[in-house]
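Q: predicted model, plus sequence, below.
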Amino acid sequence: MRLTRFTDYGLRTLIYLGSLGPRQGSIAGVAAAYGISEHHLVKVVHQLGRLGLIRTTRGRGGGLLLGRPADQIRVGDVVRAMEEDLALVPCFAGAACAITPACRLKGVLNEALAAFLAVLDRHTLADLLEPNTGPDLAALLGIDPMPSIDEPASRMPRRPVDPVR
């Protein structure tokens, strides 16, 4: 199974926005964090918005936010929604095949696809953001830390939010 770049960028965008916490992100911020094209992200962000996975606000003070809590965004649902076609072989999409009447491969591949999606369904965006599973994700993405409750925000370095393009 190979996911398209479109789905990969969709998942990366959700991870980035989830790492921001309650702060808004931008297409430019996502592109810079991953070293990918803003042009490609525009369509991805549009689709994520149509699916209700993110909220987009245009104009001054605008940006991107998760559309629902990270623990309510299942990775399997995102993959199903972002992939145009999960047909592993042409016969899944109805293409003619000489051995269709006796083929057992189709059933095996269907089972494999179902298992793949079942694993993804067991995980949410919140699982991918879990801070105790490795290096700090926000730091790797170049995201400034949130001020702690005890530390006034004025003492934290400020990073301007890029507007949505």
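A: Received it, and whenever you're ready, just let me know what you need.

Q: strands along this protein, start to end?
A: 54-57, 63-66 (DSSP state E).

Q: can you list contacts of the last one?
A: Read it as strand 63-66. Contact with strand 63-66 is made by 13-14, 17-18, 22, 24-27, 30, 45, 53-57, 73, 125, 161-164, as judged by Cβ atoms under 8 Å, 6 or more residues apart in numbering. For every residue, glycine as well, the C-beta is placed using N, CA and C.

Q: again, but for the first one
A: Among residues not part of strand 54-57, those counted as contacts by Cβ under 8 Å, 6+ apart are 13-14, 17, 24, 45, 48-49, 62-67, 164.

Q: that one: which residues count as buried?
A: Using 16 or more other Cβ atoms under 10 Å as the test for burial, strand 54-57 gives Ile54, Thr56.

Q: longest helix of the protein, counting residues only.
A: Scanning the chain for the helix with the most residues, using DSSP state H, yields helix 105-121.

Q: what comes up buried for that one?
A: Leu109, Leu117.

Q: so which of the strands of the chain comes closest to Glu84?
A: Nearest to Glu84 among these is strand 54-57 (19.4 Å), distances taken as Cβ to Cβ.

Q: gap between the spatially closest residue to Tyr34 that is not a sequence neighbour and Leu137?
A: Using Cβ to Cβ, 6 or more residues apart in numbering and skipping residues adjacent in sequence, the residue nearest Tyr34 is Arg12, 5.5 Å away. Distance from Arg12 to Leu137, counting by Cβ to Cβ, to the nearest Å: 11 Å.

Q: in the lowest-mean-pLDDT helix or strand in the chain, what counts as buried?
A: Each helix and strand of the chain was given a mean pLDDT (mean pLDDT, DSSP states H and E); the minimum falls on helix 137-140 at a mean of 82. If you call a residue buried by 16+ other Cβ under 10 Å, then helix 137-140 has these buried ones: Leu137, Ala138.

Q: dump it to CSV, restricted to CA.
A: Output of helix 137-140 as CSV, limited to C-alpha atoms (Å, rounded to 0.1, in the frame of the first residue of the first chain):
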residue,chain,number,x,y,z
LEU,A,137,7.5,17.1,17.8
ALA,A,138,6.9,20.9,18.1
ALA,A,139,10.7,21.5,18.4
LEU,A,140,11.4,19.4,15.3
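
Q: just checking, what packs against it?
A: If you count contacts as 3 or more Cβ pairs under 8 Å, 6 or more residues apart in numbering; DSSP states H and E, helix 137-140 packs onto helix 5-19.
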